[in-house]
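A.B. asks: coords below, sequence missing:
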């Protein structure tokens, strides 16, 4: 019998990606304090890749420990510009600050996935995407954030590439799924290898 599949996330975008791929699963958000996990990692000098992987694995393990026998998918994404790691903006002022910092530069999205069963990590993976934002005038940034409103607070970069945020960019290298925070091709390959889906 195939193990039940659980997505350890409350993200509507990650749920949509899995639903669109025809996967049957349950979504259960991990009850963890991400900032409490990130802070000591950052203080110890951990990079954005390591932080994304730790968070993805922590989510998968946390949910798998209370859902025995299920295959649990944990995922997380960090965003980095050089050594700086960005976090979701707390308000629209910080969202504008994020976009000013990213304007005219190339930043990286680091998307991690882990699969756990009964508290043990079975697999982990990291994918990257490089996004170059065009030069943005401060007045345009202010108008843009005014149009998108609180949506700007739901992503680490203060933009939604699947929405009006696409207007901010001049170049994108990396697959769409990595950008949305759930690299589907490696995930599907691993689920087939685990005989969790029809292959």
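C.D. replies: Nice, I can see it. All figures in this text were calculated on a predicted structure; none of them were measured in a lab. Residues are numbered from 1 along each chain as shown.
A.B. asks: Could you use CA atoms for every contact and neighbour count after this?
C.D. replies: Fine.
A.B. asks: Counting residues, which strand of this protein comes out longest?
C.D. replies: strand 120-133 (DSSP state E).
A.B. asks: next one: the helix or strand following that strand to chain centre, how far?
C.D. replies: Scanning forward in sequence from strand 120-133 by DSSP states H and E, the next helix or strand is helix 138-148. Its chain's C-alpha centre and that of helix 138-148 lie 24 Å apart, by C-alpha atoms, centre = their mean, to the nearest Å.
A.B. asks: which residues touch helix 138-148?
C.D. replies: Under the contact criterion C-alpha atoms under 8 Å, 6 or more residues apart in numbering, helix 138-148 has outside partners 92, 95, 96, 99, 100, 152, 164.
A.B. asks: now stretch 120-133
C.D. replies: 49, 53, 57, 60-61, 102-116, 168-175, 178-179, 183, 186, 190.
A.B. asks: wait, what's in contact with the closest residue to residue 27 other than its chain neighbours?
C.D. replies: Once flanking residues are discounted, residue 27 sits nearest to residue 7: 4.7 Å by C-alpha to C-alpha, 6 or more residues apart in numbering. Contact analysis of residue 7 by C-alpha under 8 Å, 6+ apart lists 15, 25, 26, 27, 28, 29, 72, 73, 74.
A.B. asks: Which ones among the residues you listed lie within helices?
C.D. replies: residue 15 (DSSP state H).
A.B. asks: Which of the contacts of residue 7 has the largest number of neighbours?
C.D. replies: Counting neighbours by other C-alpha atoms under 10 Å, the top entry in those is residue 72, with 35 neighbours.
A.B. asks: ok, back up a step: report the buried members of the contacts of helix 138-148.
C.D. replies: Neighbour counting with 16 or more other C-alpha atoms under 10 Å marks 92, 95, 96, 99, 100, 152 as buried within the contacts of helix 138-148.
A.B. asks: Pull up the pairing partners for the longest strand of the chain, direction included.
C.D. replies: strand 106-117 (antiparallel), strand 169-173 (antiparallel) (DSSP bridges).
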